[in-house]
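# Sequence and predicted structure, then a few things I'm wondering about:
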Protein chains: 2
Amino acid sequence: MRFAIHAQDGQARTGEVHTAHGVIRTPAFMPVGTAATVKAMTPEAVRSTGADIILSNTYHLMLRPSAELVARLGGLHRFMHWDGPILTDSGGFQVMSLAKLRKLTEQGVTFQSHLDGTTYELTPERAMEIQYLLGSDISMVLDECTPYPATEKAAADSMRLSMRWAERSKNAFVRREGYAVFGIVQGSVYPALREESCTALKAIGFDGYAVGGLAVGEGQEIMFNVLDFTLPHLPAERPRYLMGVGKPDDIVGAVMRGVDMFDCVIPTRAGRFARAYTEKGERNIRNARYAEDANPLQEGCPCPACTQYSRAYLHHLFKADEMLGPMLLTWHNLTFYQQLMQGLRAAIAQGRLEAFAGVFLERHRLKNEVD
Amino acid sequence: MRFAIHAQDGQARTGEVHTAHGVIRTPAFMPVGTAATVKAMTPEAVRSTGADIILSNTYHLMLRPSAELVARLGGLHRFMHWDGPILTDSGGFQVMSLAKLRKLTEQGVTFQSHLDGTTYELTPERAMEIQYLLGSDISMVLDECTPYPATEKAAADSMRLSMRWAERSKNAFVRREGYAVFGIVQGSVYPALREESCTALKAIGFDGYAVGGLAVGEGQEIMFNVLDFTLPHLPAERPRYLMGVGKPDDIVGAVMRGVDMFDCVIPTRAGRFARAYTEKGERNIRNARYAEDANPLQEGCPCPACTQYSRAYLHHLFKADEMLGPMLLTWHNLTFYQQLMQGLRAAIAQGRLEAFAGVFLERHRLKNEVD
């Protein structure tokens, strides 16, 4: 897997990751297709928003319909009709957050499915096998997502287990042209642990490096602080991926600190619950103020929700519990995110990221709902 | 409104209805967009199935968001972003089936909304006003949908009330180029009443004639029998619309009897509940037999569900309660219906309707689920 950096602006970079299924323009936002579908969207619609790559969840797919079945049907790309790059997580995060009766050992983790109670084992080797069966362009090592907050001792023990799992993951990864495996930095909020984790991963050697254990309730300030003292320890020539992040302002701040890739359920989940991201902030389209509003959701947005409908119509769809409401607002939010990424890439290329970020954060007032 | 009949084959006809918003090829199937949206579909997707016209429900729209609001927002076409013809029903059927505390008088019907209990009055004049505000290409007269079964006396009283309402509806209809109003034949299963109703409607004079009071539990044999003794009393040069019908074999039989237009929630509703219409009959894609089935839902079908996915993937989407499942199966079912209508139109044009119908009904075995 090749990562070509085209321009830098401060710590930020813009470039292209080349994978077996095509190019990812960075900084990149990956829509989440948990169960082999980006909720409420066709793959063509996802592509039309400007997305180059999607993320899918190993945990969900191993339970249903199973990696073996997906493989027999030709792999995940064919199964879900997405011919672009796919990144899969390792399943570790969902095992910790969704599964029942987890038992963690040096070997791996056994757990019961949250769907039907069936017992599964996930080891570093099995996580890589599943992602191989799915045909992921980018596989993630199995790690333990350290809970937050954690004592330094607990964070160290957890991180070191993840580093041993990272090495086993790397050894189990089947190397093929255009396919990549990423390591995951852990270490909670402790600079020495994050540095130790970076050093351990670099020694193993990965195609890219993710920062894990963030976006778990620590808040933006701590998250940015962790990025500030972690990213300098990662190799500049490899893509950096901040897992599970985030809101638009999280992304802007992380890009300024040198992050290249993001994934988050926020734009899709918000869309299903009537919350739209706009250049003036978040809008809850269910709000009665929109009942007679003939304006588009966001002037100038190229998505169908904005070019073809009024706020009043979108409001009506949600009031009437019509599926087209979540469909259109998901489409809009993913478009908003991809427009943001395009803006960030252009600003970095032109050396005006700071100005872009300043205007964006001020104008969009993203932490405050308009209504 | 102009209706050009291009060819006849037995009682069946094929032609074009010209409306203010374009041409409807007949025999036509109208997807139902109850609340100003065909559930789970964008208007572009509806159009891509081959639909020329959609139906929307006066009852639902008068309650929410209200006809006056739709009018202030530029009318129903603009509101829902459908630039083709729209037919609206009068609201009478839903008042009878959904509303609470109905009170029927010569003047009209008062009822309470099933949504919030608000009291409304629907008269022939108000039904026409609402449809005018919505901007419907084809307005339907207010009628009382006679319950089934009904005694001859009850059916006669009900039909005659509907005929008086039909005259008031016609008088209240604002005639404009390309906009039409249809009368509705009632009279239950009684030949003399149906004939009387046809005669009354013809005397008033309508742009088209609907057959109402069917598809209410009487069964296909009685429905076809009513069509057999009713349609000869309608003017051949006007479109004939069988309201609320039906399954594919209902449509084939009714077209052979001279019906030009249909609407029904079956294809959209079935799609949301995992039931697909195929040339081999109905399939419930939730059935475990499809879990590993790599075949397309229906070979040769041009819809995205069939050209881009396996049955196994569609099965997975429904098992995982993913919105894309209803989206794709609705798309497929509407495509199946429109392909059927296209087949019927071509067969009539080529004088081979009987052969087409025979093959279709035999091959598709539409009354039997495959699984």
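Yes, it's here.

# tell me which parts of the stretch 251-371 of chain A are close to chain B?
A:291-292, A:294, A:304, A:308-310, A:312-313, A:316-317, A:319-320, A:322-324, A:326-328 (Cβ under 8 Å from any Cβ of the partner chain). (Each C-beta comes from the backbone N, C-alpha and C, glycine too.)

# rerun at 10 Å
For the stretch 251-371 of chain A, the contact set with chain B under Cβ under 10 Å from any Cβ of the partner chain comprises A:272, A:291-294, A:304, A:307-310, A:312-313, A:315-317, A:319-328, A:330-331.

# ok, residue A:46 touching residue A:82?
Yes. Using Cβ atoms under 10 Å, residue A:46 is in contact with residue A:82, at 7.4 Å.

# any common contacting residues for the two?
Shared contacts of residue A:46 and residue A:82, defined by Cβ atoms under 10 Å, 6 or more residues apart in numbering or on different chains, comprise A:33, A:37, A:38, A:54.

# Now the two most distant members of those residues.
A:37 and A:54 (9.5 Å; Cβ to Cβ).

# which residues do the two both contact?
Shared contacts of residue A:37 and residue A:54, counting by Cβ under 10 Å, 6+ apart, come down to A:43, A:46, A:80, A:82.

# for those residues, which one is nearest chain B?
residue A:80 (6.8 Å; Cβ to the nearest Cβ).

# For stretch A:133-150, buried residues please.
A:133-146, A:148, A:150 (16 or more other Cβ atoms under 10 Å in any protein chain shown).

# Then stretch A:229-241?
Result for stretch A:229-241 [16+ other Cβ under 10 Å]: buried residues A:230, A:231, A:233, A:234, A:238, A:239, A:240, A:241.

# I figured the fourth one hits residue A:200, correct?
Think residue A:234. No. Taking contacts as Cβ under 10 Å, residue A:234 lies outside contact range of residue A:200: 11.9 Å.

# Overlap of the contact sets of the two?
With Cβ under 10 Å, 6+ apart as the test, residue A:234 and residue A:200 both reach A:183, A:185.

# Now do the same contact list for the residue lying closest to residue A:35 once chain neighbours are set aside.
Leaving out its chain neighbours, the residue that sits closest to residue A:35 by Cβ to Cβ, 6 or more residues apart in numbering or on different chains is residue B:320, at 4.4 Å. By Cβ under 10 Å, 6+ apart, the residues touching residue B:320 are A:34, A:35, A:36, A:37, A:39, A:60, A:61, A:63, A:64, A:65, A:115.

# Mind checking which of the residues you listed are buried?
A:34, A:35, A:36, A:37, A:39, A:60, A:61, A:63, A:64, A:65.

# Keep only those of these that are in helices.
Counting by DSSP state H, these place A:60, A:61, A:63 in helices.

# got the contact list for whichever strand or helix holds residue A:68?
Counting by DSSP states H and E, the element that carries residue A:68 is helix A:67-72. Under the contact criterion Cβ under 10 Å, 6+ apart, helix A:67-72 has outside partners A:36, A:56, A:58, A:61-62, A:65-66, A:75-80, A:88, A:126, A:129-135, B:291-292, B:294, B:312-313, B:316.

# For ChimeraX, what selects the buried ones among these?
Applying 16+ other Cβ under 10 Å to the contacts of helix A:67-72, the buried members can be selected in ChimeraX as follows:
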select /A:36,56,58,61,62,65,75,76,77,78,79,80,88,126,129,130,131,132,133,134,135 /B:291,312,313,316
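
# and the end-to-end length of stretch A:226-240?
14 Å (Cα to Cα, to the nearest Å).

# could you give me the average pLDDT of it?
Stretch A:226-240 shows an average pLDDT of 98 in the prediction.

# from the chain's centre, how far out does that stretch sit?
17 Å (Cα atoms, centre = their mean, to the nearest Å).

# Stretch A:272-279 now?
The mean C-alpha position of stretch A:272-279 is separated from the chain mean by 18 Å, Cα atoms, centre = their mean.

# what about the strands in the stretch 1-150 of chain A?
Applying DSSP state E, counting those that start in this stretch to the stretch 1-150 of chain A gives strands spanning A:2-9, A:12-19, A:22-26, A:28-30, A:54-56, A:86-88, A:100-104, A:109-112, A:119-122, A:138-140.

# model confidence over the first one, on average?
In other words, strand A:2-9. 98.

# what's the answer for the fifth one, then?
Per-residue pLDDT values over strand A:54-56 give a mean of 98.

# gap between the nearest residue in space to residue A:139 that is not next to it in sequence and residue A:40?
In this structure, residue A:139 finds its nearest non-sequential neighbour in residue A:131, 3.9 Å apart by Cβ to Cβ, 6+ apart. Residue A:131 sits at a distance of 25 Å from residue A:40 (criterion: Cβ to Cβ, to the nearest Å).

# in stretch A:81-99, what counts as buried?
A:81-82, A:84-96, A:98-99.

# among these, which are in reach of chain B?
Okay, of those touching chain B (Cβ under 10 Å from any Cβ), that's residue A:81.

# if I look at the residue positioned nearest the centre of chain A, how far off is chain B?
Residue closest to the average C-alpha location in chain A (Cα atoms, centre = their mean): residue A:263, at 1.2 Å. The spacing between residue A:263 and chain B, counted by Cβ to the nearest Cβ, to the nearest Å, is 18 Å.

# same deal with residue A:100?
In terms of Cβ to the nearest Cβ, residue A:100 sits 18 Å off from chain B.

# which helix in chain A runs the most residues?
helix A:324-349.

# Centre of the chain to that one, how far?
With Cα atoms, centre = their mean, you get 14 Å for helix A:324-349.

# close enough to count as contact, residue A:93 and residue A:145?
Yes. The pair residue A:93 and residue A:145 passes the contact test of Cβ under 10 Å, sitting 4.8 Å apart.

# Overlap of the contact sets of these two?
Contacts common to residue A:93 and residue A:145, judged by Cβ under 10 Å, 6+ apart, are A:184, A:212, A:213, A:216, A:243, A:244.
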